[in-house]
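Colleague: curious how this folds, go ahead:
(chains A and B)
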There are 2 protein chains.
Amino acid sequence: MARFSPDRLALPIVQAPLAGGPSTPALAAAVSGAGGLGFLAAGYKTAGAVAEDVAAVRAATDAPFGVNLFVPPGQPADHGVVARYAATLVHEAERQGAMLGDPRHDDDDWEAKLALLHDARPAVASFTFGCPAPEAIAALQGDDVAVWVTVTTPAEARAAAHAGADALVVQGAEAGGHRGGFDDAAPAAIGLLALLQLVRAETDLTLVASGGIMTGAAVAAVLVAGAAAAQLGSALLLTPEAGTSAPHRAALAAEGETALTRAFSGRTARGIVNRFQREHDDAPSAYPEVHHLTAPLRAAARDHGDAEAINLWAGEAHRLAEAEPAAALVRRLAADARAALRAAAAE
Amino acid sequence: MARFSPDRLALPIVQAPLAGGPSTPALAAAVSGAGGLGFLAAGYKTAGAVAEDVAAVRAATDAPFGVNLFVPPGQPADHGVVARYAATLVHEAERQGAMLGDPRHDDDDWEAKLALLHDARPAVASFTFGCPAPEAIAALQGDDVAVWVTVTTPAEARAAAHAGADALVVQGAEAGGHRGGFDDAAPAAIGLLALLQLVRAETDLTLVASGGIMTGAAVAAVLVAGAAAAQLGSALLLTPEAGTSAPHRAALAAEGETALTRAFSGRTARGIVNRFQREHDDAPSAYPEVHHLTAPLRAAARDHGDAEAINLWAGEAHRLAEAEPAAALVRRLAADARAALRAAAAE
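Modeller: Have a look, this model is predicted:
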């Protein structure tokens, strides 16, 4: 059987993986069941927990879905850099009544998760923070798992195409959450429409467009710009199926500006600007050490409902998010996209 | 006669004004003559020079065209801030064999240019760096001049709609040259596709999309996203009609990354990163004082062909620019846009 391609989808909509809370089997199953492609985020979880999520999606739907993995960073961060950043967090820890986390270096259970992919064989495995080795890509493809790589620059697109990816998730600067590119020392943030043109000039690979897509008109726009599907993140964060926390939901529906920050995880990500993000705009590039360091603070703040001290990942157009069941939302955006295409083609 | 609307264009393409060299009557006439809307940049010129440009366009074509004005800044910059920045430029002045310019505050001949608009009555007057007063907008409209205001945020879109603008030029973060928003102290840089959705949620006004649009597929994408036309800047900089300098042309065709900078003008703009931009990434918000201060350095560097010390304004997708006569380029992109729309609608 040929590997999965987004051309096979009934609706040209892919769920962003949404690691760190919002990802749930219910959300992935709802998007896939509606005719889009749901995703499970393997990031921050054990391989065993991901296996349970896979089983839960399969219990809910026969439709294809994907699993997203974080490619592990090459080198541990400098201890001194991490220690200096930790010192700036002591006051926040007191404020939240929490201890700082252990800033350990790990690979997010990489080998076990790769093994899980071979075992569970989701339709798609997508990768963030880097490109797997050509051998790892070929091995997944040999098990009928399509491999998608997240890219943020034309150079990353060339590298992923050369490594053998089936498709590229083209992440524009507008996207919420982590920049998915290969190198956090020089994180790229090119606007989606510019990036789609630049990447298309490099490769004929199938493209999935990601970043700030909240309406059917924008879904249609990226299809016209050459993408096979639109990947939605913030647009799905207010659905009842998403595991989005209450303070995060409240912030998404308001007008807050977003900015790029390393304050929460040590890796560049877009979030709604709040006190913590403002106070720590000098955070180092030290992932996942800083992620582990701040995890207990964020958990405590989430428990208190304190939106000023948690990561409020959101894309630039977040306030267009609507609270609506995921399947209905996916169907509505696809219908609006069709209408926008027809209207523009008629003129 | 009703005021001009982009719906009347034979081709949905508007030329960006391209102040500071690239703007020429020949370029505006070529774009308008091909069925798009050419523009003259009034910025940095005397009203008399702009009147000559208007006459030159009218001698070349009967087609409608526009004139773009810079809205003057409210307050002169702090003398000490400007003097401290000037001190960092002394070495560069020696290197270029030039004197620093006089960092004067001026209003770019605002009242004389407004009077010229009433006199010359171009089809469109577009405004950058702010929104004219409602009375000034109404007066131009009374003389059958359509008024377009450049916006970079939903709040600016609300303000311009409230002031009575006929259309909004929606400038995404991808755009080359100056950010056209109202407030350089907090320059917004929202990706074009996200911004189009946010602005459309605020107003039903006609929108012209700007920022990183280099291909017919991208022209089609912004039309599907709700714009009435696409505004092209970098895409036209290599045309023979543009007054783009030789070192600027060479940089545009290469792979150089772009970034936002105040180094050259004291106002945030996107240019291809070069030595001057890197060395002066701490430049203050002080426009037009810094523009005047650096003008002789930039002129000397341009004469030397030194691309490392001039403003290489360019959008994020600049390297897709092609050297082609402007009319042929406009016709080609419009045909490609039609083809992209038809292909997407057929699926």
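Colleague: can you get me a residue count around A:Ala83?
Modeller: By other C-beta atoms under 10 Å in any protein chain shown, the residues close to A:Ala83 number 12. C-betas here are computed from N, CA, C, even on glycine.
Colleague: SS state for it?
Modeller: Of the three states, A:Ala83 takes helix according to DSSP: H, G, I helix; E, B strand; the rest coil.
Colleague: next one: phi and psi at the residue lying closest to A:Leu192 once chain neighbours are set aside?
Modeller: Leaving aside its chain neighbours, A:Leu192 sits nearest to A:Gly172 (2.6 Å; criterion: C-beta to C-beta, 6 or more residues apart in numbering or on different chains). Backbone torsions of A:Gly172, given as degrees, to the nearest 10, read phi -80, psi 160.
Colleague: surely A:Gly172 is in contact with A:Ala209?
Modeller: Yes: if you go by C-beta atoms under 8 Å, A:Gly172 and A:Ala209 touch, sitting 7.4 Å apart.
Colleague: which of these two has more residues huddled nearby?
Modeller: Using other C-beta under 10 Å as the criterion, A:Gly172 and A:Ala209 rank with A:Ala209 on top: 32 against 28.
Colleague: can you list the residues of the stretch 151-300 of chain A near chain B?
Modeller: By C-beta under 8 Å from any C-beta of the partner chain, the part of the stretch 151-300 of chain A that sits against chain B consists of A:154, A:172-174, A:190-198, A:200-201, A:211-215, A:217-218, A:220-226, A:255.
Colleague: circling back to that earlier point, can you name the residues that contact the residue nearest to A:Leu192?
Modeller: Counting by C-beta atoms under 8 Å, 6 or more residues apart in numbering or on different chains, A:Gly172 touches A:190-196, A:209-212, B:191, B:193.
Colleague: so where do the strands sit in chain A?
Modeller: Taking DSSP state E, the strands of chain A run over residues A:13-15, A:38-41, A:65-70, A:124-128, A:146-151, A:167-171, A:177-178, A:206-210, A:229-232, A:258-261, A:269-272.
Colleague: figure out which of those strands is closest to B:Ala41.
Modeller: Nearest to B:Ala41 among these is strand A:258-261 (31.2 Å), distances taken as C-beta to C-beta.
Colleague: that older thread, farthest pair in the contacts of A:Gly172?
Modeller: Across the contacts of A:Gly172 (C-beta to C-beta), the longest gap, 13.9 Å, separates A:Ala194 and A:Ser210.
Colleague: point out where chain A drops to low pLDDT.
Modeller: A:1 (pLDDT under 70).
Colleague: so which bits of stretch A:110-130 are buried?
Modeller: A:110, A:113-114, A:116-117, A:120, A:122-130 (16 or more other C-beta atoms under 10 Å in any protein chain shown).
Colleague: how about it as PDB, C-alpha atoms only?
Modeller: Provided in PDB are the C-alpha atoms of stretch A:110-130 (Å, rounded to 0.1, in the frame of the first residue of the first chain):
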ATOM      1  CA  TRP A 110      13.800   9.200  21.200                       C
ATOM      2  CA  GLU A 111      14.800   5.600  20.500                       C
ATOM      3  CA  ALA A 112      11.700   4.200  22.300                       C
ATOM      4  CA  LYS A 113       9.400   6.500  20.400                       C
ATOM      5  CA  LEU A 114      11.000   5.600  17.100                       C
ATOM      6  CA  ALA A 115      10.400   2.000  18.000                       C
ATOM      7  CA  LEU A 116       6.800   2.800  18.800                       C
ATOM      8  CA  LEU A 117       6.300   4.300  15.400                       C
ATOM      9  CA  HIS A 118       7.500   1.100  13.800                       C
ATOM     10  CA  ASP A 119       5.300  -0.900  16.000                       C
ATOM     11  CA  ALA A 120       2.100   1.300  15.800                       C
ATOM     12  CA  ARG A 121       2.600   2.400  12.200                       C
ATOM     13  CA  PRO A 122       0.500   5.600  12.200                       C
ATOM     14  CA  ALA A 123      -0.200   7.000   8.700                       C
ATOM     15  CA  VAL A 124       2.200   9.800   9.300                       C
ATOM     16  CA  ALA A 125       5.200  10.500  11.500                       C
ATOM     17  CA  SER A 126       6.000  14.200  11.600                       C
ATOM     18  CA  PHE A 127       9.200  15.600  13.100                       C
ATOM     19  CA  THR A 128      10.000  18.900  14.700                       C
ATOM     20  CA  PHE A 129      13.400  20.500  15.800                       C
ATOM     21  CA  GLY A 130      15.300  18.700  13.100                       C
END
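Colleague: how far out from the middle of the chain is it?
Modeller: Relative to its chain's centre, stretch A:110-130 lies at 15 Å (C-alpha atoms, centre = their mean, to the nearest Å).
Colleague: residues in contact with A:Gly43?
Modeller: A:Gly43 neighbours (C-beta under 8 Å, 6+ apart): A:Pro17, A:Ala19, A:Gly20, A:Asn68, A:Leu69, A:Phe70, A:Asp108, A:Thr128.
Colleague: in a markdown table: those residues, plus distance to chain B.
Modeller: Formatted as a markdown table, the contacts of A:Gly43 follow (distance: C-beta to the nearest C-beta, whole Å):
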| residue | distance to chain B |
| --- | --- |
| A:Pro17 | 20 |
| A:Ala19 | 21 |
| A:Gly20 | 22 |
| A:Asn68 | 22 |
| A:Leu69 | 26 |
| A:Phe70 | 24 |
| A:Asp108 | 29 |
| A:Thr128 | 19 |
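Colleague: and these, which are buried?
Modeller: The buried subset of the contacts of A:Gly43 - by 16+ other C-beta under 10 Å - is A:Pro17, A:Ala19, A:Gly20, A:Asn68, A:Leu69, A:Phe70, A:Asp108, A:Thr128.
Colleague: re earlier: which neighbours do A:Gly172 and A:Ala209 share?
Modeller: Applying C-beta under 8 Å, 6+ apart, one finds that A:Gly172 and A:Ala209 are jointly contacted by A:Leu192, A:Leu196.
Colleague: which parts of the stretch 51-200 of chain A are helices?
Modeller: A:79-87, A:90-96, A:110-120, A:134-142, A:154-163, A:192-200 (DSSP state H, counting those that start in this stretch).
Colleague: now for the fourth one, which elements pack on it?
Modeller: I take that to be helix A:134-142. Applying 3 or more C-beta pairs under 8 Å, 6 or more residues apart in numbering or on different chains; DSSP states H and E, we find helix A:134-142 packed against helix A:110-120, strand A:146-151.
Colleague: just to revisit the earlier point, which of the helices of the stretch 51-200 of chain A sits most buried?
Modeller: helix A:192-200 (a mean of 29; mean count of other C-beta atoms under 10 Å in any protein chain shown).
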